[in-house]
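# Structure, please.
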Amino acid sequence: MPASEARRPRWTKPRILTTAGLFAGAVFFLVMALAQPDRHHGPPWESPVASTHTFTVGGATIQVDFGPGSFDLPNAQILQWVQNAASSVATYYGRFPVPRDRILIEPAPDETGVMHGTTWGDVGGLPAFTRISVGQHSTVADLNEDWMMTHELVHTGFPSQDDDHHWIEEGSAVYIEPVARVQNGFLRPERIWADMVRDMPKGDPGPGDEGLDRTHTWGRTYWGGAQFCLLADVTIREQTHNQKGLEDALRAIIDAGGTIDQNWPIRKAFQTGDAATRTHVLVDLYDRMSDKPVAVDLEGLWKKLGVVRTQDGIRFDDTAPEAAIRKAITATPSWGRIRPSVPH
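Reported below is the predicted structural model:
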């Protein structure tokens, strides 16, 4: 498929360490610029490949290609990082969302850390394709701390949306990525709840906000979408006596074929998810939040979930009325952690 016909890519969420809106916006648009077609003047999925590896996880075959260049680390160490991310995504959903996926890792000369990534659907003959840049001098610690690879692979598990609904694509990846990594044993719950207490307010509506569908700022797209997902997760669990959660709705969407290589109306996706939880949470929240500003009561959420601010971060109050919901959100699913296997 020519680049001009490709489904719109999912941009990597720029995680910033300050709350400066101008800086956040600059980073966001820089990432989008970097995610455009390569210097070789073709679409990213036609970029040069120096070596290829494959593994399977959660019923999917994952092809990992390395672009020209080198790393201080052996390629096997970087491949392990990809496998860990794919394992986390498969664990969250119960399987990997698409049957085949391709990941192109491009070395960034003289850089350190994971730089940026973009994911497309239905390009290059595959349901999903991710291009991600990794610094030449990246360390094992850099890879262990990285969130981008998991974030990009989460994008495979939701149908492509038009620009007005970009917030659910990015917001769900922002929310699911850390939860999946806790479920898979790569992060501690205290870490991600502290991060949510710190970062979720970035999604609050500001002056002139017209709802998630109409307000396309960085904060509302990424963190406003994440607020929607957090509220949906908690509300589904409240209405089902903690028997179902957001992941049950998202798994049903995948089971119905709603993955990145398909274009679905957002209401169809939400109706499919609601049918699986036997609630109307997703549709009702969408109707409330899509075209008007809704301030999520985050402080009330933290209190009932038992997430208490401290001088050093947060602590858990297991006597809180919905502490069991907080625990269930990050609990390893009943099927256990889904591990990858490498063909012999």
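# Show me where the protein has its strands.
Per DSSP state E, the chain has strands spanning 10-11, 51-57, 60-66, 100-108, 114-123, 126-135, 307-310, 313-316. These are given in chain order.
# got the ones you listed as TSV, with mean neighbour count and distance to Ala226 columns?
For glycine as for every other residue, the C-beta is placed from the backbone atoms N, C-alpha and C. Converted to TSV, these look like this (neighbours: other C-beta atoms under 10 Å; distance: least, C-beta to C-beta, whole Å):
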stretch	mean neighbour count	distance to Ala226
strand 10-11	26	14
strand 51-57	16	25
strand 60-66	20	25
strand 100-108	22	23
strand 114-123	24	17
strand 126-135	24	20
strand 307-310	15	15
strand 313-316	16	17
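# and stretch 191-206, how far out from the chain's middle?
Taking C-alpha atoms, centre = their mean, to the nearest Å, one finds stretch 191-206 lying 15 Å from the centre of the chain it belongs to.
# How about stretch 48-55?
Computed by C-alpha atoms, centre = their mean, the chain-centroid distance of stretch 48-55 equals 24 Å.
# Could I get the average pLDDT for it?
For stretch 48-55, mean pLDDT is 97.
# Stretch 298-317 now?
On average, stretch 298-317 scores 96.
# heads up, I number from 53, so please use that
Sure thing, new numbering starts at 53, so read that last one as stretch 350-369.
# Could you pull up the mean pLDDT of stretch 198-206?
Here stretch 198-206 scores 98 as its mean pLDDT.
# out of the strands of the chain, which comes closest to Ile381?
Closest approach to Ile381 among the strands of the chain is made by strand 359-362 (11.1 Å; C-beta to C-beta).
# Tell me the strands beside the closest one, with direction?
According to DSSP bridges, strand 359-362 forms sheet pairs with strand 365-368 (antiparallel).
# if I read this right, Thr208 contacts Ile306, doesn't it?
No. With contact defined as C-beta atoms under 8 Å, Thr208 does not reach Ile306; the gap is 9.0 Å.
# what about the closest residue to His332 other than its chain neighbours, neighbour count?
Nearest residue to His332, sequence neighbours excluded (C-beta to C-beta, 6 or more residues apart in numbering): Asp326, at 5.4 Å. Counted by other C-beta atoms under 10 Å, the residues lying close to Asp326 total 20.
# Leu298 is in contact with Asp326, correct?
No. Between Asp326 and Leu298 there is no contact under C-beta under 8 Å: 11.1 Å.
# Quick check: which ranges of this structure have low pLDDT?
53-92, 396 (pLDDT under 70).
# Tell me which residue lies nearest the centroid of it.
Centroid-nearest residue in the chain, with C-alpha atoms, centre = their mean: Ala225, separated by 2.0 Å.
# Now that residue. Nearest residue, chain neighbours left out?
Excluding the flanking residues, the one nearest Ala225 by C-beta to C-beta, 6+ apart is Val206, at 4.3 Å.
# With that, I have no additional questions.
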